[in-house]
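In: Have a look at this prediction, sequence included:
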Amino acid sequence: IRTRNLNMLDQAFEALKTYDWGIDRKVLKPIDDAVVATHGKDEERKQLEERLTTTLKSEMSYDAKQFVCRKLMTIGTAASVPALAALLFDEQLSHMARYALERIPGPEAARALTEAMNSLNGKLKIGMISSLGVRQDATIVPQLGELLADSDVSVARAAAYGLAAIGSSTAASALSGKSADGAKAAVADAKLTCAEALLAQGDKKAALGIYRSLIANQPKHVKL
């Protein structure tokens, strides 16, 4: 049975090379099954991850690479980071690579997202900011604080929401820095979100400080 499963897995990886939209996805089912079957089996999962990252570096369709990224969301480790990081600059694959990196623990994934954020502009940069917020990466707080004043208002707003997602006292402090005029509302929303997070963590004093800072010079709904 084991040999049969391996043969089916080999066939699935062969099919992956030419897989594209419209082809019956059942041909890839052995890979799905292998992701489940290798749970708790470190060596077998490592081998599966290596096969997936190797295919990700090869010439395949976007649909095939998106499939691989989805699998790496589940089994990806630091070993997958270089292959995923290479896709962060691809407009069609960047989002799938980000979603996988969001779920890979460790500094390698965070570093890949940060480096891409520093090199990109526009919507791809915003995507990196969002993913770093999802990871609640405290090390990125100073950089997000600086981006609040970015000339691209969309980036400034994304930085505010990224800090809100992190929701720590240091993130709240960063929101008190200089921000672009067009990002003021996003900053206020982010401060409220941080205050709620701090309350949930039991830090009433820090939350109260944020609420007091929002009483004046804010729209009515924020004051309420």
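Out: Nice, I can see it. Residues are numbered from 1 along each chain as shown.
In: Going by C-alpha atoms from here, please, whenever you check contacts or count neighbours.
Out: Noted.
In: and Ala112, what does it touch?
Out: Neighbour list for Ala112: 81-82, 85 [criterion: C-alpha atoms under 8 Å, 6 or more residues apart in numbering].
In: For Tyr211, the count of nearby residues, please.
Out: Neighbours of Tyr211 under the rule other C-alpha atoms under 10 Å: 16.
In: list the helices and strands the strand or helix carrying it packs on?
Out: Taking DSSP states H and E as the definition, Tyr211 sits inside helix 204-213. Other elements packing on helix 204-213 under the criterion 3 or more C-alpha pairs under 8 Å, 6 or more residues apart in numbering; DSSP states H and E are helix 184-200.
In: Helices of the protein, residue ranges please.
Out: 2-16, 29-37, 42-56, 62-75, 81-85, 94-102, 107-119, 122-134, 141-147, 153-166, 169-174, 184-200, 204-213, 220-223 (DSSP state H).
In: Any idea which of those helices gets closest to Gly22?
Out: helix 62-75 (9.8 Å; C-alpha to C-alpha).
In: Kindly calculate the angle that the closest one makes with helix 42-56.
Out: Relative orientation of helix 62-75 versus helix 42-56 (axes from the mean of the first three to the mean of the last three C-alpha atoms, to 10 degrees): 160 degrees.
In: And helix 62-75, what does it pack against?
Out: In terms of contacts (3+ C-alpha pairs under 8 Å, 6+ apart), helix 62-75 is packed against helix 29-37, helix 42-56, helix 94-102.
In: Tell me which of those helices lies nearest to Ile215.
Out: Closest among the helices and strands packed on helix 62-75, using C-alpha to C-alpha: helix 94-102, at 35.2 Å.
In: From the contact counts, what lies against the closest one?
Out: helix 62-75, helix 81-85, helix 107-119, helix 122-134.
In: winner for burial among the ones you listed?
Out: Highest mean neighbour count among the helices and strands packed on helix 94-102 (mean count of other C-alpha atoms under 10 Å): helix 122-134, with a mean of 22.
In: rewinding a little: nearest to Val153, of the contacts of Ala112?
Out: Ala85 (25.7 Å).
In: Which residue comes closest to the closest one once chain neighbours are left out?
Out: Counting by C-alpha to C-alpha, 6 or more residues apart in numbering, Ala112 is the residue found nearest to Ala85 once chain neighbours are left out, at 5.8 Å.
In: could the helices and strands packed on helix 94-102 go into TSV alongside mean pLDDT and distance to Ile215?
Out: Formatted as TSV, the helices and strands packed on helix 94-102 follow (pLDDT from 0 to 100; distance: least, C-alpha to C-alpha, whole Å):
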stretch	mean pLDDT	distance to Ile215
helix 62-75	95	42
helix 81-85	97	43
helix 107-119	96	34
helix 122-134	96	26
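In: Kindly reformat those helices as JSON lines containing distance to Ala149.
Out: As requested, these are exported to JSON lines (distance: least, C-alpha to C-alpha, whole Å):
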{"stretch": "helix 62-75", "distance to Ala149": "33"}
{"stretch": "helix 81-85", "distance to Ala149": "27"}
{"stretch": "helix 107-119", "distance to Ala149": "15"}
{"stretch": "helix 122-134", "distance to Ala149": "14"}
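In: Nearest to Tyr211 among the ones you listed would be which one?
Out: Taking C-alpha to C-alpha, helix 122-134 is the member of those nearest to Tyr211, at 22.0 Å.
In: Contacts made by that closest one with the rest, please.
Out: By C-alpha under 8 Å, 6+ apart, the surrounding residues in contact with helix 122-134 are 88-89, 91, 94-95, 98-99, 102, 110, 113-114, 116-119, 140, 144, 152, 154-155, 158-159, 161-166.
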